[in-house]
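Novice: build me a structure from this.
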Amino acid sequence: MKVVEDFIKKESSAGIILIIVTLIALTLENSPLSIHYNEFLHIPVEIKFANLHIAKPLLLWINDGLMAIFFMLIGLEVKREILEGELSSREQVVLPLIAAVGGMVVPALFYVLFNYNDEFAMKGWAIPTATDIAFALGILSLLGNRVPASLKIFLMALAIIDDLGAIVIIALFYTSNLSIASIVVAAVSLSTLILMNIFKVSKQSLYIVVGIILWVSVLKSGVHATLAGVALAFCIPMISHDENGNEFSMAKDIEHGLHYWVAFLILPLFAFVNAGINLSEISVDQMFGGVPMGIIAGLLIGKQVGVFGFCYLAIKFGYATLPSGSNMMQLYGLSVLTGIGFTMSLFVDSLAFTDASLYQYADKLAIIIASVLSGVIGYLILRRAA
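Specialist: Numbers count the residues shown, from 1 in each chain. The predicted model follows:
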């Protein structure tokens, strides 16, 4: 239980920091300092090593590079929960799994409803399927003992499955033209990591070196580079032995070490470079366009309908039970909280619409509006339900 409490504490604090960083980014972009903010985003960063050449602006290094570490952490969390945590038995996994499926399918359908006649806009169908665990747990933490621990664990399990679904979506739907040579190098790197796991190699440095090669090859392959982080995480052994034969968990050690960096540096930095929206360029008419309305409807309405609706049916027909100590109204309030897409939705948005100004930032503003409304409404429902 201590692991869960520590996780919730870190995510709650990270959620507060994300709010502050987002407000700073919005302020900078809508002030005379906006030119310096945008110059920061486009600082050129270049790496050359023999024939290897990677040149990207800082924004893409964060989105493609640092977010790979974030997805590595997700991979480690998923692996731990499946092997020995909240997803390790059928009874524990059924309700969050059903909730996560409903929370991805229904919001996507709401988005499609607004954009089915626009082929390009349909690229963004996955934007409202995401849940930001840091923000959601941050709001739950404000309620203290009003919310039972079982409901917090349920939300954590739901969000982890949701993140796993996002990884699958990115792999299947957000890849560009593929480079066979790079894919071969990635396959060799991944095979090496698997063999290292099988033969119980216990040196972290070796996994890091091969993991970097895997990331570079995936980056060059056309598959999104963040998936390299997930693949590396799944290959890191849960149980290892040091030179003296003492048993330790490399996966847990790395997860613990990464958590603070991700929660207090990588995600805030991602929010800072992606949440800067020039509000003066967005008109009311643009906010009523198909993409913004699809995002708002998907996150604010689709998420709660999907999560609560699927959970209600599963409980009614006896496939699952309510988290202990909770009631239906609390489950509904938590379902509303899952509409906080924020960082994950912004990330999928950056994959779907690579030109940030394509919809004059109305798509990003829609994510923020829906996330804020979901957070406020979910908080009020949970406060009343308690």
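
Novice: would you map the strands across the stretch 151-300 of the chain?
Specialist: 240-241, 247-248 (DSSP state E, counting those that start in this stretch).

Novice: please identify the most buried of those.
Specialist: strand 240-241 (a mean of 16; mean count of other C-beta atoms under 10 Å). The C-beta positions use only the backbone N, C-alpha and C, and glycine is treated the same way.

Novice: pLDDT (mean, whole number) over it?
Specialist: Regarding strand 240-241, the rounded mean pLDDT is 80.

Novice: can you tell me what sits against it?
Specialist: Strand 240-241 is contacted from outside by Lys200, Ser202, Glu247, Phe248, Ser249, Met250, using C-beta atoms under 8 Å, 6 or more residues apart in numbering.

Novice: ok so, going back, of the strands of the stretch 151-300 of the chain, which is nearest Phe135?
Specialist: strand 247-248 (32.9 Å; C-beta to C-beta).

Novice: who does that closest one touch, helix- and strand-wise?
Specialist: strand 240-241 (3 or more C-beta pairs under 8 Å, 6 or more residues apart in numbering; DSSP states H and E).

Novice: report back the residue of this structure that's furthest from centre.
Specialist: Asn244 (38.1 Å; C-alpha atoms, centre = their mean).

Novice: what about Val45, is that helix, strand or coil?
Specialist: Put simply, Val45 is strand when judged by DSSP: H, G, I helix; E, B strand; the rest coil.

Novice: not counting sequence-adjacent ones, nearest residue to it?
Specialist: Using C-beta to C-beta, 6 or more residues apart in numbering and skipping residues adjacent in sequence, the residue nearest Val45 is Trp61, 5.2 Å away.

Novice: surely the one you found meets Ile47?
Specialist: No - using C-beta atoms under 8 Å as the test, Trp61 is too far from Ile47 to be in contact (9.5 Å).

Novice: between those two, tell me which one has more neighbours.
Specialist: Per other C-beta atoms under 10 Å, whichever of Trp61 and Ile47 has more neighbours is Trp61, with 17 against 11.

Novice: measure the more buried one to Trp215 for me?
Specialist: Applying C-beta to C-beta, to the nearest Å, the value for Trp61 to Trp215 is 12 Å.

Novice: residues shared between the contacts of the two?
Specialist: Here Trp61 and Trp215 share no contacting residue, scored by C-beta under 8 Å, 6+ apart.

Novice: can you show me the strands along the stretch 1-150 of the chain?
Specialist: Counting by DSSP E, counting those that start in this stretch, the stretch 1-150 of the chain has these strands, from start to end: 44-49, 52-57.

Novice: hmm, Leu164 is touching Val78, no?
Specialist: Yes - with contact defined as C-beta under 8 Å, Leu164 counts as touching Val78 (5.4 Å).

Novice: identify the residues contacting the most centrally placed residue in the chain.
Specialist: By C-alpha atoms, centre = their mean, the mean C-alpha position of the chain lies nearest to Met344, the distance being 4.0 Å. For Met344, the contacting residues are Ala130, Thr131, Asp132, Asp162, Asp163, Ala166, by C-beta under 8 Å, 6+ apart.

Novice: pLDDT-wise, what's the bottom of these?
Specialist: Comparing these by pLDDT, Asp163 comes last, at 80.

Novice: wait, that residue sits on Ile74?
Specialist: Yes - contact criterion C-beta under 8 Å: Asp163 and Ile74 qualify, at 4.7 Å.

Novice: gap between Ser189 and Ile170?
Specialist: Ser189 is 19 Å from Ile170, where distance means C-beta to C-beta.

Novice: give me the buried positions along stretch 44-56.
Specialist: By neighbour count on 16 or more other C-beta atoms under 10 Å, the buried set for stretch 44-56 is Ile54, Lys56.

Novice: quick one: that stretch to chain centroid distance?
Specialist: The chain centroid and the centroid of stretch 44-56 are separated by 27 Å under C-alpha atoms, centre = their mean, to the nearest Å.

Novice: mind listing what the residue lying closest to Lys56 once chain neighbours are set aside touches?
Specialist: In space, and not counting its chain neighbours, Lys56 is closest to Val45: 6.2 Å by C-beta to C-beta, 6+ apart. By C-beta under 8 Å, 6+ apart, the residues touching Val45 are Ala55, Lys56, Pro57, Leu58, Trp61.

Novice: again, only using 7 Å
Specialist: Contacts for Val45 (C-beta atoms under 7 Å, 6 or more residues apart in numbering) come out as Lys56, Leu58, Trp61.

Novice: and it, how far is that from Ala271?
Specialist: Counting by C-beta to C-beta - Val45 and Ala271 are separated by 19 Å.

Novice: try Ala14
Specialist: Using C-beta to C-beta, one gets 10 Å for the distance from Ala14 to Ala271.

Novice: could you list the low-confidence segments of the stretch 201-350 of the chain?
Specialist: Of all residues in the stretch 201-350 of the chain, none has pLDDT under 70.
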